[in-house]
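K.L.:
The sequence and its predicted three-dimensional model are supplied below.
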Amino acid sequence: MASNPPAACCASGFKHEGSPLGEIKDINGVNTYIASPKDNKNPDKAIIFLTDIFGIFSNAQLLADEFANNGYLTVIPDLFQGDQIKVSDMESGKADLPAWLPNHQTANVDPVVEATVKYVRETLGVKQVGAVGYCFGGKYVCRFLKPGQIDVGYSAHPSFVTHEELGAVKGPLSIAAAEVDQIFTTQLRHESEDILIKTAQPWQINLFSGVSHGFAVRADLKDPKQKWAKEQAFCQAVAWFNEHLSGAGKANL
C-alpha cells in the first residue's frame, strides 16, 4: 500500500472551536454540508471535501468554510450515511475501528462520492472540480482523480491508499505529510514519490516536522507548532488549487 489502513491514531485529536457558517442539505438522500463563497453564488470551480472517520463535524465544517472564504464552493458529503465515528467516542477512547471499518469499504463509499461529483458537475453546473481528502478521505481523492470526475487533488496524511490507486491518478496531486505517522510512514512516503514520478502528473509532497497523523484537521491549536503546521497545510491546499484549477483567484492567507 501507498499508505496503511486507518489505525488508533485516526481516532485521536482535538475538536476545534467555532461556529460553521454553511448549511446541511439532503442531496439525493445524502446529508451534505455546503459552504458557499460570499461574493460568488454561481462559481465555476468547487471543492469536494472527503472527510476523516468523523464525517461532517465541526473541524471539517470550519475548514470547508475557510475554503469558501478563499473563493471555492465546498461540499462535504456524508461518506458514512450517519455511521461516522462519534467525537465523544474518540474523547472517551471507545472508538472501535476494527468493528467499524468493514461497513465502510469502497463498495459503500464510492457511490456517495460518485453521486456528489455528479451533483456538483451536473446540478450545480461546476466546470472544474477539486477534492481534498483527510485521512480516510485521501483514498477517495486518489480513486476519483480522473478525467470527468476530480480534476485536481489534495490529501493530508492519507490512509488506506493502494499503490495501484496512487499510480492510476490522472491529475495534479498534492500531499501534506506528518513526520510521525504510522499510516503514511517514511517508507511509504518515499514509495509514493516513486509512484507519482511515474504518473507524469504534477505532484507535491510537503513534510511537516513535529506533528503526527491527523494534524491538518485535528491539531491541538494551543500548541504553536501544531497550529502553524495545520495552517500551512491549508495554505498548501489553497495554493495548489489556485495553481491547477485555472482562473482561480489568490488565497486569502
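P.N.:
Arrived safely.
K.L.:
ok, the spatially closest residue to Phe160 that is not a sequence neighbour - contacts?
P.N.:
Spatially, and ignoring its direct neighbours in sequence, Phe160 is nearest to Lys139 (4.6 Å; Cβ to Cβ, 6 or more residues apart in numbering). Backbone N, C-alpha and C define where each C-beta goes, glycine included. With contact set as Cβ atoms under 8 Å, 6 or more residues apart in numbering, Lys139 has these partners: Ser3, Gly133, Pro158, Ser159, Phe160, Val161, Glu165.
K.L.:
Then Asn42?
P.N.:
Neighbour list for Asn42: Gly125 [criterion: Cβ under 8 Å, 6+ apart].
K.L.:
next one: the one 3 residues further on
P.N.:
With contacts defined as Cβ under 8 Å, 6+ apart, the neighbours of Lys45 are Gly71, Tyr72, Leu73, Val126, Lys127, Gln128, Val129, Gly130, Phe241, Leu245, Gly247, Ala248.
K.L.:
pretty sure the fifth one contacts Asp44?
P.N.:
Yes. Counting by Cβ atoms under 8 Å, a contact exists between Lys127 and Asp44, whose distance comes to 4.6 Å.
K.L.:
can you put the contacts of Lys45 in TSV and add distance to Lys38?
P.N.:
Converted to TSV, these look like this (distance: Cβ to Cβ, whole Å):
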residue	distance to Lys38
Gly71	9
Tyr72	12
Leu73	11
Val126	17
Lys127	20
Gln128	20
Val129	21
Gly130	19
Phe241	18
Leu245	19
Gly247	18
Ala248	16
